[in-house]
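Undergrad: model the structure of this input:
(4 chains)
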There are 2 protein chains.
Amino acid sequence: MDKPLSPLARRIRDGGYKLTNARLIVLQVIEESHGHITSADIVERVAELDESIGRASVFRTLDMLTRLNIVRPSYIEGSQSPQYVLLHEGHHHHIVCTNCHQTIEFHDCGLDKMTLALQQQYNVEITGHLLEFYGLCENCKPT
Amino acid sequence: MDKPLSPLARRIRDGGYKLTNARLIVLQVIEESHGHITSADIVERVAELDESIGRASVFRTLDMLTRLNIVRPSYIEGSQSPQYVLLHEGHHHHIVCTNCHQTIEFHDCGLDKMTLALQQQYNVEITGHLLEFYGLCENCKPT
DNA sequence: TTAGATGCAAATAGTTTGCATTTGT
DNA sequence: ACAAATGCAAACTATTTGCATCTAA
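TA: Down below sits the predicted model:
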């Protein structure tokens, strides 16, 4: 078949991984979620979309996506299963309410300069970052 | 008894929680670790220090410390158990090598202005943040 | 004194593994 | 064709819960 390969699908293939049905479905679920979803929810939604995909493949795919820097596990929400966050161009930023767990995403984190500075200072190669602010949202704020 | 209460111990008590032996030991373990340690390692080290403390209390304490913004769970390392990171004055920053998992901590993240800006823009009250860069460290970098 | 914390052990998630079978390339 | 990936189910780990007991304040 020759479907119009999404950019992320392309990155999977370019990473040397096969484009399997299980992987495409997992990818779709994460994208549909607008980039914030727990592993538990991914497992559930994948099962809805394609009953035949095993749990294990979902986890294997999440590992792969993390390795490829497409996604990043993060500890929003009380605890339990981690949230996977879609990295747009290698980064992601949000504010999490420590009370109701609402998350607000924002862009333009202005960390480009810092990235360059760190690369020089520590002689590393930085490929992305995750910036998480926490506090109380509008509704949970004291007065 | 009247030991010289560490600043963090004080925050626990000020948070309305009792200062129990289990809590103090967990706190000590986290501090000893220089602020980067997995829950599994905490459980293990606590058992070494005081055989009588139960696993459950360790997790209960970690939840409490997270609620108090003293510590923050983060998904460094492949996966398994999360790392708990000590927040100094509400924030923490590091670079994690996605290959060997070495972490480099740095200070002075310069996000104060951004914090203020976000508080205004979204009408929230921000109490801290976690900034995680990832990429390849000096040793893992291609040439 | 007494509400809050604890330790224990059992119950629950959540995640990983081994392996025969299937599938992309 | 064949290495890579899969699904399954069983094995593991990690974390949580209920409850009788204990303890800091």
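Undergrad: count of residues packed around A:Arg120?
TA: Arg isn't right for residue A:120; it's Gln. Using other CB atoms under 10 Å in any protein chain shown, A:Gln120 has 9 neighbouring residues. The way it works is simple: take the backbone N, C-alpha and C, and place the C-beta from them, glycine included.
Undergrad: next up, phi/psi of it, please.
TA: Phi and psi for A:Gln120, reported as degrees, to the nearest 10, are phi -70, psi -50.
Undergrad: quick one, what contacts A:Cys137?
TA: A:95, A:97, A:99-100, A:102, A:104, B:122, B:124 (CB atoms under 8 Å, 6 or more residues apart in numbering or on different chains).
Undergrad: for ChimeraX, write a command that selects the buried ones of these.
TA: Here is the ChimeraX command that selects the buried residues among these (16 or more other CB atoms under 10 Å in any protein chain shown):
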select /A:95,97,102,104 /B:122,124
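Undergrad: quick one: which of the contacts of A:Cys137 sit in helices?
TA: The helices, defined by DSSP state H, take in B:Tyr122 from the contacts of A:Cys137.
Undergrad: got CSV for the contacts of A:Cys137, with distance to DNA strand D too?
TA: Converted to CSV, the contacts of A:Cys137 look like this (distance: CB to the nearest atom of the strand, whole Å):
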residue, distance to DNA strand D
A:Ile95, 23
A:Cys97, 19
A:Asn99, 17
A:Cys100, 18
A:Gln102, 20
A:Ile104, 24
B:Tyr122, 28
B:Val124, 25
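Undergrad: now, the contacts of A:Cys137 that are in strands?
TA: A:95, A:97, A:104 (DSSP state E).
Undergrad: give me the phi and psi for the residue nearest to the second one when sequence neighbours are not counted.
TA: Ranked by CB to CB, 6 or more residues apart in numbering or on different chains and with sequence neighbours excluded, the top spatial neighbour of A:Cys97 is A:Cys137, at 3.8 Å. Per-residue torsions, A:Cys137: phi -80, psi 170 (degrees, to the nearest 10).
Undergrad: tell me the pLDDT at A:Cys137?
TA: Looking at A:Cys137, its pLDDT stands at 92.
Undergrad: state the distance from it to B:Glu89.
TA: According to CB to CB, to the nearest Å, A:Cys137 and B:Glu89 sit 22 Å apart.
Undergrad: and A:Lys113, by the same measure?
TA: 23 Å.
Undergrad: mind listing what A:Gly128 touches?
TA: A:69, A:72, A:87, A:90-91, B:133-135.
Undergrad: and the helices in chain A?
TA: Under DSSP H, chain A gives helices at A:7-14, A:21-32, A:39-49, A:55-67, A:112-122.
Undergrad: so where's chain A uncertain?
TA: A:1-3, A:76-80 (pLDDT under 70).
Undergrad: mind listing the residues bridging to the residue positioned nearest the centre of chain A?
TA: By CA atoms, centre = their mean, chain A has its centre lying nearest to A:Val85, at 2.2 Å. With DSSP bridges as the criterion, A:Val85 is bridged to A:His36, A:Arg72.
Undergrad: so it makes contact with A:His91?
TA: No. Using CB atoms under 8 Å, A:Val85 is not in contact with A:His91; the gap is 10.0 Å.
Undergrad: which residues do those two both contact?
TA: When contacts are counted by CB under 8 Å, 6+ apart, A:Val85 and A:His91 are jointly contacted by A:Leu130.
Undergrad: rewinding a little: export the helices of chain A to a markdown table and tack on distance to B:Lys141?
TA: Converted to a markdown table, the helices of chain A look like this (distance: least, CB to CB, whole Å):
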| stretch | distance to B:Lys141 |
| --- | --- |
| helix A:7-14 | 20 |
| helix A:21-32 | 28 |
| helix A:39-49 | 30 |
| helix A:55-67 | 17 |
| helix A:112-122 | 10 |
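Undergrad: please identify which of those helices is closest to A:Lys141.
TA: helix A:39-49 (27.5 Å; CB to CB).
Undergrad: tell me the contacts of the residue nearest to A:Pro82 when sequence neighbours are not counted?
TA: Nearest non-adjacent residue to A:Pro82, counting by CB to CB, 6+ apart: A:Pro73, 4.2 Å away. With contact taken as CB under 8 Å, 6+ apart, A:Pro73 is in contact with A:39, A:62, A:66, A:82-85, B:75, B:79.
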